[in-house]
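> Need a 3D model of the sequence below.
(chains A, B, C and D)
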Number of protein chains: 2
Amino acid sequence: MAEIQSLARGLKILNLLEHSRNGMGTTEVANQLSIDKSSASRLLRTLANYGFVEQDEHSSRYRLGPQLLTLGQHLLNRITLRDHARPYLHELVDKTGECAHLAILAQRQALYIDQVESTAALRVESEIGTLSPLHCTALGKVMLAFGDGCLPDELRPFTHRTVTDRSTLEAQLTLTDGRGYAIDDEEYNYGVRCVAAPVYDHRGALVGAIGISGPAARVTLERIDEFGSVVKDTADALSSRLGYDERRKRGAERSQ
Amino acid sequence: MAEIQSLARGLKILNLLEHSRNGMGTTEVANQLSIDKSSASRLLRTLANYGFVEQDEHSSRYRLGPQLLTLGQHLLNRITLRDHARPYLHELVDKTGECAHLAILAQRQALYIDQVESTAALRVESEIGTLSPLHCTALGKVMLAFGDGCLPDELRPFTHRTVTDRSTLEAQLTLTDGRGYAIDDEEYNYGVRCVAAPVYDHRGALVGAIGISGPAARVTLERIDEFGSVVKDTADALSSRLGYDERRKRGAERSQ
DNA sequence: AAACAGTGTTGTATTTTTGGCAACACACAC
DNA sequence: GTGTGTGTTGCCAAAAATACAACACTGTTT
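Numbering: from 1, shown residues only, chains lettered A, B, ... in the order given. You can find the predicted model right below:
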């Protein structure tokens, strides 16, 4: 006895209704799930009793109900970015073998709020709770390119590769925006390269960035795009986990 | 055969989980619903299989799952304010006996996008699609007091009661903000009084206003507060229908 | 250490619940 | 009128869900 069949069917109906524009009729649902009309009818009524679907008064078609909204919104209130990001950080470590980090924008800097360390002997140590500059870290550049982070008055150099020229940096950010992930090529610490990508919340607003950092010997320039797409994919997965719907444009428009 | 029992139980579990801060254990769920642990365990697993709940890896407690967020967000995209407002407009007509209207902010004016007419012989006629000034209509004042509507350069008078003095109007808007609904006391049309209240979306942003308008003979100054609270209550109900959670502050803050 | 009180999960047999067939009520097109 | 399409409801066989266990596991207490 693996699954409760009737519950599973009810949940399948909800998933079906998600993908229909104008709701679905009883028969239509029944056909899709290869069950009898009568079963579909009863399942739908039960779902309706609890507000998970609702029936259009006139057309008698069913569509998703307000209870899903209530539960979904409720969930959002309880979410903390960090809790939800953690498995994705682990995923990054597994796939890349490098340390993974989560940062948010705070006080015009990148605040590291979580990390998962790789098992490699040679690895980048960094501490949770530290603030890093935006202009020379991958996580920071994400805030600049995708969020509302703004540049400080002075672009302080940390290594000889640190970009201190505003227009050069602007061009780099445009490039970053285009490909979907940011790169730090030994611009903050010698011998360390980082890749990071943006994380959006349910509203489409940037809430943070996740990325990896590793020794330049392993994170080579040849492989950096490969790392980039892994980081981007993982970040996208996290975003959709937070309720971000790719189909919606960023910056949210008025309904109606 | 009224309800599918096992589906109903699954849905009840979701409702239960909504009200628990740190999720619930199998036994706890079973006790709350007066069912056996084993049943609860299997129901929870089924819910988990479809992402409606998820089990904490360590504590093995269950909490609401990401699928609810997906479905909820999806629902929001399909919602049109007008469709959802309609039954509430009917409710207003039923309770007040006056015509009810729905308006949104457009081109710095109040755009009437729906109405439900009362059956009274003497009633206010207005047309869907018309733009009305903000400073002398109840619906418009809602945009000014609760939304980001802004005043025109000139406060054009329509009746001798139209407020044309900016500071007087500002004071009135402060009052409006305090009580939660706006009043138009024959300021646009002679013999017509209106009451309106704000409608918020899931993000807490103002998306429109609903209200009633009726002949001054019926909508008397003595009864106007009574109408006001009816309109406000109905508007609040509509807002929560759109996913607006009163517990969250207006203007949405960053998560984490 | 060992017994204990929790937890959550899994087998199994009974029985309740469910699901499909059919008939029905209704709407709409022709 | 008939036709086809809805969605809903009775009914009974049949299957699925349930409750009672026993089980594995964790952490705590004695």
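
> and A:Asp94, what element?
Element membership of A:Asp94, judged by DSSP states H and E, is helix A:81-96.

> Now do the next helix or strand after that helix against helix A:81-96, angle only.
Per DSSP H and E, the first helix or strand lying C-terminal to helix A:81-96 is strand A:99-106. Angle, strand A:99-106 to helix A:81-96, by axes from the mean of the first three to the mean of the last three C-alpha atoms, to 10 degrees: 150 degrees.

> For strand A:99-106, name the packing helices and strands.
Helices and strands touching strand A:99-106, by 3 or more C-beta pairs under 8 Å, 6 or more residues apart in numbering or on different chains; DSSP states H and E, are helix A:81-96, strand A:109-116, helix A:138-146, strand A:192-200, strand A:206-215. Where you see a C-beta, it was placed from the backbone N, CA and C, and this is true even at glycine.

> swap the cut-off to 10 Å and go again
helix A:81-96, strand A:109-116, strand A:131-132, helix A:138-146, strand A:192-200, strand A:206-215, helix A:224-241 (3 or more C-beta pairs under 10 Å, 6 or more residues apart in numbering or on different chains; DSSP states H and E).

> Name the strands paired with that strand and say parallel or antiparallel.
strand A:109-116 (antiparallel), strand A:206-215 (antiparallel) (DSSP bridges).

> Could you list the alpha-carbon positions for it in PDB?
The C-alpha coordinates for strand A:99-106 follow below in PDB (Å, rounded to 0.1, in the frame of the first residue of the first chain):
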ATOM      1  CA  CYS A  99      32.300  25.600  -1.500                       C
ATOM      2  CA  ALA A 100      28.900  27.200  -2.000                       C
ATOM      3  CA  HIS A 101      27.600  30.400  -0.500                       C
ATOM      4  CA  LEU A 102      24.400  32.300   0.000                       C
ATOM      5  CA  ALA A 103      24.400  36.100   0.300                       C
ATOM      6  CA  ILE A 104      21.900  38.900   0.600                       C
ATOM      7  CA  LEU A 105      22.200  42.600   0.100                       C
ATOM      8  CA  ALA A 106      22.700  44.500   3.300                       C
END
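
> mind listing what's buried in it?
A:Cys99, A:Ala100, A:His101, A:Leu102, A:Ala103, A:Ile104, A:Leu105 (16 or more other C-beta atoms under 10 Å in any protein chain shown).

> need the residues of the stretch 51-200 of chain A near DNA strand D, please.
Residues of the stretch 51-200 of chain A lying near DNA strand D by C-beta under 7 Å from any atom of the strand: A:Gln55, A:Ser60, A:Arg61.

> Excluding residues flanking it in the chain, which one is nearest the last one?
Distances taken as C-beta to C-beta, 6 or more residues apart in numbering or on different chains place A:Gly23 nearest to A:Arg61, at 4.0 Å, with adjacent residues excluded.

> mind listing what the one you found touches?
A:Gly23 sits next to A:17, A:29, A:53-56, A:59-64, B:78 when contact means C-beta atoms under 10 Å, 6 or more residues apart in numbering or on different chains.

> likewise A:Gly72?
Residues counted as contacts of A:Gly72 (C-beta under 10 Å, 6+ apart) are A:202, A:243, B:64, B:66-76, B:202, B:243.

> Mind splitting chain A into its structural domains?
For chain A, the structural domains run A:5-76, A:79-241, going by automatic domain parsing.

> For those, could you give me a markdown table that also reports mean pLDDT?
What follows is the domains of chain A, written out as a markdown table (pLDDT from 0 to 100):
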| stretch | mean pLDDT |
| --- | --- |
| domain A:5-76 | 85 |
| domain A:79-241 | 87 |
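
> In JSON lines: the ones you listed, plus distance to DNA strand C.
As requested, these are exported to JSON lines (distance: least, C-beta to the nearest atom of the strand, whole Å):
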{"stretch": "domain A:5-76", "distance to DNA strand C": "3"}
{"stretch": "domain A:79-241", "distance to DNA strand C": "18"}
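
> I'd like those domains as CSV, with distance to B:Asp165 appended.
Below are these laid out as CSV (distance: least, C-beta to C-beta, whole Å):
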stretch, distance to B:Asp165
domain A:5-76, 41
domain A:79-241, 38
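
> quick one on the thing from earlier: now list the buried members of the contacts of A:Gly23.
Taking 16+ other C-beta under 10 Å as the criterion, what is buried in the contacts of A:Gly23 is A:Leu17, A:Val29, A:Val53, A:Glu54, A:Gln55, A:Arg61, A:Tyr62, A:Arg63, A:Leu64.

> Which of those fall within helices?
A:Leu17, A:Val29 (DSSP state H).

> in the stretch 1-150 of chain A, what residue is nearest chain B?
Nearest to chain B, among the residues of the stretch 1-150 of chain A, is A:Gly72, at 2.4 Å (C-beta to the nearest C-beta).

> Quick check: closest non-adjacent residue to that residue.
A:Gly72's closest residue in space is B:Gly72 (C-beta to C-beta, 6+ apart), at 2.4 Å.

> Any chance of the backbone angles for the one you found?
The phi and psi values for B:Gly72, taken as degrees, to the nearest 10, are phi -60, psi -40.

> Check which helix or strand the residue of the stretch 101-250 of chain A found nearest chain B maps to.
Using C-beta to the nearest C-beta, the single residue of the stretch 101-250 of chain A nearest to chain B is A:Gly243, 4.2 Å away. Counting by DSSP H and E, no helix or strand carries A:Gly243.

> mind checking pLDDT for it?
pLDDT recorded at A:Gly243 is 78.

> doesn't A:Ala205 make contact with it?
No. A:Gly243 lies out of contact with A:Ala205 (C-beta atoms under 10 Å); the separation is 11.3 Å.

> which one of these two has more residues nearby?
Neighbours per residue (other C-beta atoms under 10 Å in any protein chain shown) separate A:Gly243 from A:Ala205, with A:Gly243 holding more: 24 against 17.

> Now that one. Nearest residue, chain neighbours left out?
What sits nearest to A:Gly243 in space, not counting adjacent residues and going by C-beta to C-beta, 6+ apart, is A:His202, at 3.1 Å.

> so that neighbour sits right up against A:His84, yeah?
No. Using C-beta under 10 Å, A:His202 makes no contact with A:His84, being 11.6 Å away.

> Look at the two and report which has more neighbours.
A:His202 (27 against 17).

> Tell me the secondary structure of the more buried one, please.
Using DSSP: H, G, I helix; E, B strand; the rest coil, the structure places A:His202 in coil.

> Roughly how far does it sit from B:Glu54?
The spacing between A:His202 and B:Glu54, counted by C-beta to C-beta, to the nearest Å, is 17 Å.

> Give me whichever of the strands paired with strand A:99-106 is most buried.
Sort those by mean neighbour count, taking mean count of other C-beta atoms under 10 Å in any protein chain shown, and strand A:206-215 sits at the top with a mean of 26.

> No further queries at this time; thank you.
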